[in-house]
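Visitor: Kindly generate the corresponding structure for this input.
(one chain, ligands or ions: 2)
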Amino acid sequence: MDGTGDHIRIQGIRKTFDNGDIVACDDVNIDIDEGEFVILVGPSGCGKTTTLRCIAGLEEPDEGQILVDGDDITGLQSKDRNLAFVFQSIALFPHMSVRKNIRFGLDMNTDLDGDEKNQRVEKVAQTLGLAEMLDRKPSALSGGQQQRVSLGRAMVMEPKAFLLDEPFSALDANLRDEMRVEVKKIQRDLNTAMVFVTHDQEEAMTLGDKIVVMNDGHVQQIGTPYDIYNDPKNRFVADFIGSPSPNLLECTVEQTADGIAFVSEFCTIPATERQVEHVEHRVGETVIYGLRPEYLDIKDSDGAFAADLDVVEPLGDRDAVHLSANGTSLSAVTPQGEVARGTDSVHVDIQTEESWLFERDGTRIV
Ligand SMILES: Nc1ncnc2c1ncn2[C@@H]1O[C@H](COP(=O)(O)OP(=O)(O)OP(=O)(O)O)[C@@H](O)[C@H]1O
Ligand SMILES: [Mg+2]
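Guide: Ligands and ions are numbered 1, 2, ... in the order given. From the prediction side, this is the model:
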């Protein structure tokens, strides 16, 4: 149980239910390096929990392998994998003390001596701020403290990796933020790989070293938070990550007097040099022009187009400005207070260098 140096490889995992009628996940390939914090994120039903359960050995995949340092562990039982699973719902034993709850896995699955077990429990309780509460029952703890006990139960096992399925979904927003920071710190200190499932794209962005975006049972993209945000591989990833959602405009590629441009219902946007070579042979075809809200600039005059201002939504240091232009809804993000109250129409400029182009089927062009 050295706990370090392990590399976990998920290779071509497919899992179906109901005699193959339900494909929960398919062709899932993920590398988890030593000490890496990997997030599985995607909408409800996309196969996150199923993938995690296959890694844990709680489901048997129809196809594919789980390798740890090159050894195929796909056939091993869950208890022999030394991977710790933390469930979405807090599953503590109500009649046992915090101490016994944390010790539970050690008592069940190891033959360590009592001293070693006690030492591990004390150390973990210290790390998690539970040292004063070891003799309480779970009912005498707050939700956040209870979730810490679940984590402690996983930590005492000194696993090769932690597998966490939406562990903070039952907590209120402030506590969730606090626990995120805490888990990230603990993960850094332990330097143990962690695979963390969430449907919350913001949680994914703030926690992960590596983000795996899933949809409909398939991995859509794997990358750092910045890769995923700045350079989405397809329309789904662009749309799912980031809030407010990006602007996605259906445009026709046209040859104008000034060169190749994208023409939507309310504006004509010149193609950048980078884009021209990908679309100059496609005049007359439809593409999707994508742009994050922060790359629309609000102005008093001129700009690329005029728009009605629907709602200004304060986000804290920034405002989300919701616009409509010829029936199309758009969002911009501006510094706090930049758009004066009572404004009802604005001009908008486009930072074209920051834009993406997608095919109508959602694949990225450039
Ligand atoms: N035991 C099962 N029997 C039948 N279908 C299942 C089973 N477990 C999962 N599924 C189906 O497989 C698909 C993926 O489910 P999974 O629980 O992995 O999704 P998820 O991404 O974790 O979703 P959520 O965010 O809602 O937890 C869903 O369509 C689900 O209904
Ligand atoms: Mg789930």
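Visitor: C-alpha only now, for contacts and for neighbours.
Guide: Fine.
Visitor: Low-confidence ranges, the protein, go.
Guide: 1-5 (pLDDT under 70).
Visitor: Check the gap between the spatially most central residue of it and ligand 1 for me.
Guide: What sits nearest the mean C-alpha location of the chain, by C-alpha atoms, centre = their mean, is A204, with 3.1 Å. Distance of A204 to ligand 1, given as C-alpha to the nearest ligand atom, to the nearest Å: 13 Å.
Visitor: Same check on D349?
Guide: Relative to ligand 1, and taking C-alpha to the nearest ligand atom, D349 is found at 37 Å.
Visitor: what's the helix or strand for that residue?
Guide: strand 345-350 (DSSP states H and E).
Visitor: so what secondary structure elements neighbour that strand?
Guide: On a contact count with 3 or more C-alpha pairs under 8 Å, 6 or more residues apart in numbering; DSSP states H and E, strand 345-350 meets strand 296-299, strand 305-314.
Visitor: Any idea which of the ones you listed gets closest to ligand 1?
Guide: strand 305-314 (27.3 Å; C-alpha to the nearest ligand atom).
Visitor: what's the angle from the helix or strand following that closest one to strand 305-314?
Guide: Using DSSP H and E, the helix or strand that follows strand 305-314 in sequence is strand 318-325. Relative orientation of strand 318-325 and strand 305-314, computed by axes from the mean of the first three to the mean of the last three C-alpha atoms, to 10 degrees: 140 degrees.
Visitor: what lines up beside the helix or strand following strand 318-325 in the sheet?
Guide: Counting by DSSP H and E, the next helix or strand C-terminal to strand 318-325 is strand 328-335. Here strand 328-335 has these sheet partners by DSSP bridges: strand 318-325 (antiparallel).
Visitor: Check which helix or strand the residue nearest to the centre of the chain maps to.
Guide: Residue-wise, A204 maps onto helix 201-207 under DSSP H and E.
Visitor: Is E59 part of a helix or strand, or is it coil?
Guide: Three-state assignment for E59 (DSSP: H, G, I helix; E, B strand; the rest coil): coil.
Visitor: measure it to L76 for me?
Guide: 11 Å (C-alpha to C-alpha, to the nearest Å).
Visitor: Name the residue in the two with the higher neighbour count.
Guide: Neighbours were counted for E59 and for L76 using other C-alpha atoms under 10 Å; E59 has more, 16 against 13.
Visitor: any idea which helix or strand carries the spatially closest residue to that one that is not a sequence neighbour?
Guide: Leaving out its chain neighbours, the residue that sits closest to E59 by C-alpha to C-alpha, 6 or more residues apart in numbering is R53, at 5.4 Å. Using DSSP H and E, R53 falls within helix 48-56.
Visitor: what's in contact with that helix?
Guide: 10, 13, 15, 24-25, 28, 40-42, 59-61, 66, 78, 81, 83-85, 163, 165, 195, 197, 214, 217 (C-alpha atoms under 8 Å, 6 or more residues apart in numbering).
Visitor: Which elements pack onto whichever helix or strand comes after that helix?
Guide: Following helix 48-56 in sequence order, the next helix or strand is strand 63-68 (DSSP H and E). If you count contacts as 3+ C-alpha pairs under 8 Å, 6+ apart, strand 63-68 packs onto strand 8-17.
Visitor: report the angle between the axes of the following helix or strand past the strand it packs on and strand 8-17?
Guide: Per DSSP H and E, the first helix or strand lying C-terminal to strand 8-17 is strand 22-32. Here the directions of strand 22-32 and strand 8-17 differ by 180 degrees (the same axes, to 10 degrees).
Visitor: Identify the neighbouring strands of strand 22-32 in the sheet and state each direction.
Guide: Partners of strand 22-32, by DSSP bridges, with direction: strand 8-17 (antiparallel).
Visitor: can you state the direction angle for the strand it pairs with and strand 63-68?
Guide: 150 degrees.
Visitor: quick one: strand 8-17 near ligand 1?
Guide: Yes: using C-alpha under 6 Å from any ligand atom, strand 8-17 reaches ligand 1 at F17.
Visitor: Okay, A170 and R136: tell me how far apart.
Guide: Taking C-alpha to C-alpha, one finds A170 at 21 Å from R136.
Visitor: and what of L330?
Guide: 53 Å.
Visitor: Then D177?
Guide: D177 is 25 Å from R136, by C-alpha to C-alpha.
Visitor: And R274, by the same measure?
Guide: 63 Å.
Visitor: So between these two, which is more surrounded?
Guide: Counted by other C-alpha under 10 Å, R274 and R136 do not tie: R136 has more neighbours, with 14 against 10.
Visitor: surely the more buried one meets S97?
Guide: Yes: with contact defined as C-alpha atoms under 8 Å, R136 and S97 form a contacting pair (5.3 Å).
Visitor: who in the stretch 101-250 of the chain is up against ligand 1?
Guide: H199.
Visitor: How many residues are close by the residue of the stretch 101-250 of the chain found nearest ligand 1?
Guide: Going by C-alpha to the nearest ligand atom, ligand 1 is nearest to H199 of the stretch 101-250 of the chain, at 5.5 Å. Around H199 there are 22 other residues, counting by other C-alpha under 10 Å.
Visitor: which residues touch it?
Guide: Counting by C-alpha under 8 Å, 6+ apart, H199 has contacts 41-44, 166.
Visitor: Out of the residues you listed, flag the one nearest to ligand 1.
Guide: Nearest member of those to ligand 1, counting by C-alpha to the nearest ligand atom, is S44, at 3.5 Å.
Visitor: still on that earlier bit, just the buried subset of the contacts of helix 48-56, please.
Guide: Among those, those scoring as buried are 10, 13, 15, 24-25, 28, 40-42, 59-61, 66, 78, 81, 83-85, 163, 165, 195, 197, 214, 217 (criterion: 16 or more other C-alpha atoms under 10 Å).
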